[in-house]
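*Asks:* what follows is a protein structure lacking sequence information:
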């Protein structure tokens with residue numbers, strides 16, 4: 001007989017871990033206790049040495065589905081205490097908090113079965129949950145994770161729920177949000193003016209949606225706008241929300257409802273039905289299907305992930321449009337009062353509840369790439385689970401970029417990446433950004449001593465970092481944008497050696513003061529060199545050209561000396577010709593995103609865009625599955641090898657004038673970019689001897705490029721690394737910033 005102390009680190013609170021340990025102790029005839037602590041869970045065990053060894057093996061191998069065990073530390077204790085049973089004891093706060101907090105989890109199969117069982121006491125109860133599902137991160141105020149430190153603190157358990165909570169054999173044993181219709185939150189329905197509507201709130205919402213109305217529905221991390229997917233209703237939603245063309249997501253009642261409109265792989269089915277329940281970007285069965293919801297070849301689909309969603313769709317709606325409730329690029333609305341005030345004139349009714357959301361959290365958006373999840377937005381269902389880095393990141397706060405902003409905190413080798421925040425271009429988004437930083441620092445007990453930010457001085461994330469560094473006398477490291485992308489992909493793949501990086505995105509300030517975006521870099525966390533880039537694309541009028549992409553198309557044609565460019569792009573460009581001749585208000589950039597915009601305009605796909613990346617998205621959607629590259633040319637300038645897109649633009653112009661199909665021209669354009677990237681990487685490999693290639697940047701949301709370039713590189717014997725744990729977009733750069741800053745600081 002021995003006595004052993006155990007410390008278990010990982011996601012081990014709020015996921016049924018203590019009940020699991022209790023059952024393991026009974027299985028192995030061990031006595032003692034367990035409690036949540038600020039560093040995970042800690043135990044004392046008394047029993048035979050062999051039984052304790054078997055217990056530890058089961059902890060590592062048989063943890064509950066939502067738990068994640070990082071470390072089990074055991075140490076022999078002197079003497080026996082004579083424990084007669086195994087107990088769960090009160091949590092205590094420690095000196096340094098290291099607890100990992102579980103993300104919110106979609107409704108589990110057991111709770112779903114009880115929800116629709118007339119004999120169950122939680123029949124049709126809209127807040128049913130257990131240790132395997134329900135709210136976590138969005139309701140936590142502080143740790144250790146106990147009910148008193150969540151937004152459920154005001155709901156005292158009734159005797160029946162309390163009995164379950166204390167019953168080791170119950171699925172709700174120590175489930176902190178546990179409740180029922182007697183003691184839990186209440187669902188209610190308000191009309192368009194915010195006046196309570198008597199009767200069943202679910203039925204009130206269902207009737208309004210069925211009649212063509214738009215209903216605000218409170219979920220786990222915020223409020224959605226829900227409506228029928230019919231063209232007239234969706235057109236009205238677009239008018240009210242001022243979202244002219246950007247795609248909406250669909251919530252499908254079951255997998256079969258998604259399969260009716262989309263092509264699903266086994267991996268995509270697994271993503272849709274996983275506990276995280278993200279939006280999965282799926283290929284539509286036909287480009288012409290549901291164009292009023294998504295004008296491109298793909299559509300975002302999710303399954304119901306809360307009991308409210310399940311009740312709302314039960315037996316009546318196979319599919320509903322479900323989009324975040326926000327105004328003009330501001331953060332998702334998550335408070336009842338704000339919803340009623342801000343959505344007046346947008347929502348025809350409100351299906352709300354009195355369980356507060358502590359931290360807003362948008363839906364995650366993910367797709368499949370190379371047999372792995374490929375995040376376009378990492379948020380609900382995944383945040384704040386840490387991403388493990390290949391180095392210590394302790395004490396670093398990485399402040400991210402401006403578009404698709406995120407931040408992250410380092411603690412040991414764990415990196416706690418924020419959820420989706422959006423573009424930092426208004427005070428509402430900035431306030432959400434700073435508020436979440438404060439909450440993360442409190443939740444994970446991190447007091448930063450090192451700040452990392454982008455080189456661009458006008459990003460609000462950079463301004464925040466500079467002001468805070470000055471106010472608190474903290475070290476600040478400014479990191480070039482595309483270097484951060486390279487470092488992010490390296491860290492995502494656990495690499496700590498120099499790599500070649502193909503970094504293609506919209507824009508980032510370069511070390512030479514110009515705007516980059518089509519780069520081939522070589523380096524690691526300590527530094528980088530710029531080996532290849534894109535011949536600059538002229539932007540007449542700067543940001544105006546990002547919206548009026550016909551300007552970019554015209555400028556590219558002029559740069560390539562194509563005759564009569566107005567006839568190809570369509571329009572009157574005398575004022576642009578004058579600007580280009582004089583060089584006034586012309587902003588050159590090596591942005592691959594802007595080259596896509598110009599190409600989309602030349603092909604006649606779009607002249608103007610209403611959302612960021614629209615031209616590129618529609619170009620990819622229009623393309624055939626395969627293409628043949630146009631000629632690829634490079635030239636040297638200032639020690640950097642530049643891809644000369646002029647011959648590509650001339651070829652596009654010839655094909656467009658000849659009446660060749662957009663489907664063929666778009667595929668050939670993207671195949672040319674794959675060929676150019678392969679040539680650039682081969683050149684970089686010859687210079688450096690490196691054979692490892694990282695692909696990062698928002699342009700690699702394009703699956704034609706990602707898959708085509710990956711195949712081409714691997715065929716030439718290169719090792720190719722893409723993202724799988726953080727996004728390839730600017731949302732992921734904070735991970736790279738943290739790694740670079742820590743390496744430079746050391």
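*Replies:* Cool, got the structure. Worth saying up front: this structure is predicted, and the values here are computed from it rather than measured.

*Asks:* grab the nearest non-local neighbour of residue 356.
*Replies:* Take residue 356 and drop its neighbours on the chain: the residue closest to it by C-beta to C-beta, 6 or more residues apart in numbering is residue 151, 4.1 Å away. Any C-beta I mention is one placed from the backbone N, CA and C, and that applies to glycine too.

*Asks:* tell me who's in contact with that neighbour.
*Replies:* 139, 141, 355-358 (C-beta atoms under 8 Å, 6 or more residues apart in numbering).

*Asks:* residue 13 now?
*Replies:* Applying C-beta under 8 Å, 6+ apart, the residues near residue 13 are 36, 40-41, 99-102, 143-145.

*Asks:* what's the closest of those to residue 232?
*Replies:* residue 102 (41.3 Å; C-beta to C-beta).

*Asks:* follow-up on the earlier one: need the pLDDT of the residue nearest to residue 356.
*Replies:* Residue 151 carries a pLDDT value of 96.

*Asks:* what strand or helix carries residue 165?
*Replies:* helix 159-166 (DSSP states H and E).

*Asks:* buried stuff in that helix?
*Replies:* 161, 164-165 (16 or more other C-beta atoms under 10 Å).

*Asks:* and the helices in the stretch 201-350 of the chain?
*Replies:* For the stretch 201-350 of the chain, helices defined by DSSP state H, counting those that start in this stretch occupy the ranges 201-210, 231-241, 255-259, 266-273, 307-313, 336-342.

*Asks:* now the second one against helix 201-210, angle please.
*Replies:* Looking back up the chat, that one is helix 231-241. Helix 231-241 and helix 201-210 are oriented at 100 degrees to each other (axes from the mean of the first three to the mean of the last three C-alpha atoms, to 10 degrees).

*Asks:* so what's the model's average confidence on helix 231-241?
*Replies:* 96.

*Asks:* mind checking how far it is from the chain centre?
*Replies:* In terms of C-alpha atoms, centre = their mean, to the nearest Å, the centre of helix 231-241 is set 26 Å apart from its chain centre.

*Asks:* who are the packing partners of that helix?
*Replies:* Contacts defined by 3 or more C-beta pairs under 8 Å, 6 or more residues apart in numbering; DSSP states H and E place helix 231-241 against strand 223-227, strand 319-324.

*Asks:* TSV for those, including mean neighbour count, mean pLDDT and distance to residue 471?
*Replies:* Listed next are those as TSV, based on neighbours: other C-beta atoms under 10 Å; pLDDT from 0 to 100; distance: least, C-beta to C-beta, whole Å:
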stretch	mean neighbour count	mean pLDDT	distance to residue 471
strand 223-227	25	98	34
strand 319-324	23	97	33
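
*Asks:* of all those strands, which one comes closest to residue 264?
*Replies:* If we rank the helices and strands packed on helix 231-241 by C-beta to C-beta, the stretch that ends up nearest is strand 319-324, at 14.5 Å.

*Asks:* what lies in contact with that closest one?
*Replies:* Counting by C-beta under 8 Å, 6+ apart, 209, 217, 222-229, 233-234, 237, 241, 243, 248-253, 257, 261, 293, 302, 312-313, 332, 362-363 sit against strand 319-324.

*Asks:* are any of these buried, and which?
*Replies:* 209, 217, 222-229, 233-234, 237, 241, 243, 248-253, 257, 261, 293, 302, 312-313, 332, 362-363.

*Asks:* quick one: average pLDDT of stretch 423-431?
*Replies:* For stretch 423-431, the per-residue pLDDT averages 92.

*Asks:* now stretch 263-270
*Replies:* Across stretch 263-270, the per-residue pLDDT values average to 96.
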